[in-house]
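*Asks:* A predicted structure for the sequence below; I have some questions about it.
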Amino acid sequence: MTKERYPLGLVAGFGGGLSAAAVNLAMILLFKFGEMRFMDFAGVFILGHLPRDFSEDLLAFFAFLGFAATMGVVFTHGISIPPKPYLLLKAVHFGLGIWFFSYALTLLFKVPELERISLSSAITNLLASMAYGLGMGLVLQWRLKRIPVSSRK
């Protein structure tokens, strides 16, 4: 098993991204609460507009997962290995920080497609960000349990 933070964070961030996407899409598609998906943010950043068809949705979804995996790497470099207490709380807090800064940056740079977001979409994305942090923390915790203590950095 590896002792490097990079692959740990990449896998944890990817897992967190999948959990965030599941919550995000469930809230929007099943519960009809909110309309702005995480992959819509990614679509605007890489395409210059909201995704318009399945192929653009797919590209935006994989871009979101790539961003989520990258943020997992950032998170694992910001914590101690083995993690001190409150790993899951730290991970959820990190997810909330991503939510806040994502919204702040779109307003700061006046991204027209993301300028007006409904309260329901903001709440849906907030919950999905918390799911991202929790999913990332749980995957990281699970991966760290599989690494012998002597191999950890």
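*Replies:* Here it is on my side, so go on.
*Asks:* list phi and psi for R146.
*Replies:* When read as degrees, to the nearest 10, the backbone of R146 gives phi -90, psi -10.
*Asks:* so L18 versus A128, what's the distance?
*Replies:* To A128, L18 is 11 Å away according to CB to CB, to the nearest Å. Any C-beta I mention is one placed from the backbone N, CA and C, and that applies to glycine too.
*Asks:* right, I mislabeled it, should have said P85
*Replies:* Plainly put, P85 is 26 Å away from A128 if you go by CB to CB.
*Asks:* could you do Q141 as well?
*Replies:* From Q141 to A128 the distance is 20 Å (CB to CB).
*Asks:* for V139, same thing?
*Replies:* 16 Å.
*Asks:* picking that back up, of L18 and A128, who's got more company?
*Replies:* Shown here are L18 and A128; by other CB atoms under 10 Å, A128 has more neighbours (27 against 17).
*Asks:* please, where are all the helices along this structure?
*Replies:* Per DSSP state H, the chain carries helices over the ranges 5-25, 38-47, 54-78, 87-108, 119-145.
*Asks:* nearest to K32, out of the ones you listed?
*Replies:* helix 119-145 (9.0 Å; CB to CB).
*Asks:* for the record, mean pLDDT for that closest one?
*Replies:* Averaging pLDDT along helix 119-145 gives 95.
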